[in-house]
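Asker: Quick one: sequence plus predicted model below, questions after.
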Amino acid sequence: MTTAQGLPRSQAKSRTARRGGQPLRAPFPLRCGALLIDYIILVSLLVLGTLVARMLGGGARAAGNSAETAGIVLVMFMALMNLGVLPGLTGLTLGKWATGLRIEHHNGGNPGILRALLRHFIGYPLSFALLGLGFLIAAVSVHGRGLHDMIAGTIVVREGSF
């Protein structure tokens, strides 16, 4: 199905930067920066929850334990939202948004929640387990897709016009 401009619908709705009709693949250093931002946010929440728990834990051990548990639950909720739901619906995590990148289905469009969950909660740990080689594939492959992208059928591209 095409639009009045002759573009496929997936390209017409996309805010992805394109050159010659092809999406501009995301540079590897920007991808690393986006991943770092996402994990800094999650670790910061965990540290904040632990600090609150330690401050409350002086005489009230139960209050400290429940605050620490609440911090862990908050981090798990934020991980699910930032790495699953948000990229599934918009193609963006907080780190991808900050660096101007976007996750798309390899055929264009948003990846969907199941693909985003597969990418971040199955593909990322597998890429880490292989001593980071799953991530390095993105730096050397022609299409710029890491192992986690290949598993989930996604690609990370630049957003906007560059």
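Answerer: That came through fine.
Asker: all strands of the chain, in order?
Answerer: Ranges of strands in the chain, per DSSP state E, are 18-19, 22-23, 101-105, 154-158.
Asker: possible to save those strands as CSV with mean pLDDT?
Answerer: Formatted as CSV, the strands of the chain follow (pLDDT from 0 to 100):
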stretch, mean pLDDT
strand 18-19, 58
strand 22-23, 70
strand 101-105, 95
strand 154-158, 94
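Asker: Tell me which of these lies nearest to V47.
Answerer: For these, proximity to V47 was assessed by Cβ to Cβ; strand 101-105 is nearest, at 25.7 Å. Using the backbone N, CA and C atoms, a C-beta is placed for each residue, glycine as well.
Asker: Can you tell me which helices and strands the closest one packs against?
Answerer: In terms of contacts (3 or more Cβ pairs under 8 Å, 6 or more residues apart in numbering; DSSP states H and E), strand 101-105 is packed against helix 28-56, strand 154-158.
Asker: Out of these, which is the most enclosed?
Answerer: Greatest average neighbour count among the helices and strands packed on strand 101-105 goes to strand 154-158 (a mean of 24), per mean count of other Cβ atoms under 10 Å.
Asker: what's that one in contact with?
Answerer: Contact partners of strand 154-158, identified using Cβ atoms under 8 Å, 6 or more residues apart in numbering, comprise 16-17, 23-27, 30-31, 96, 100-106, 111, 115-116, 119, 138, 143-145, 149.
Asker: Report the angle between that strand and strand 101-105.
Answerer: With axes from the mean of the first three to the mean of the last three Cα atoms, to 10 degrees applied, the angle from strand 154-158 to strand 101-105 works out at 150 degrees.
Asker: Would you mind putting the strands of the chain into CSV with distance to V73 alongside?
Answerer: Formatted as CSV, those follow (distance: least, Cβ to Cβ, whole Å):
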stretch, distance to V73
strand 18-19, 41
strand 22-23, 37
strand 101-105, 26
strand 154-158, 28
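Asker: ok so, going back, quick one, which of the helices and strands packed on strand 101-105 is nearest to F128?
Answerer: Closest among the helices and strands packed on strand 101-105, once you apply Cβ to Cβ, is helix 28-56, at 10.7 Å.
Asker: Right, I'll call it a day here.
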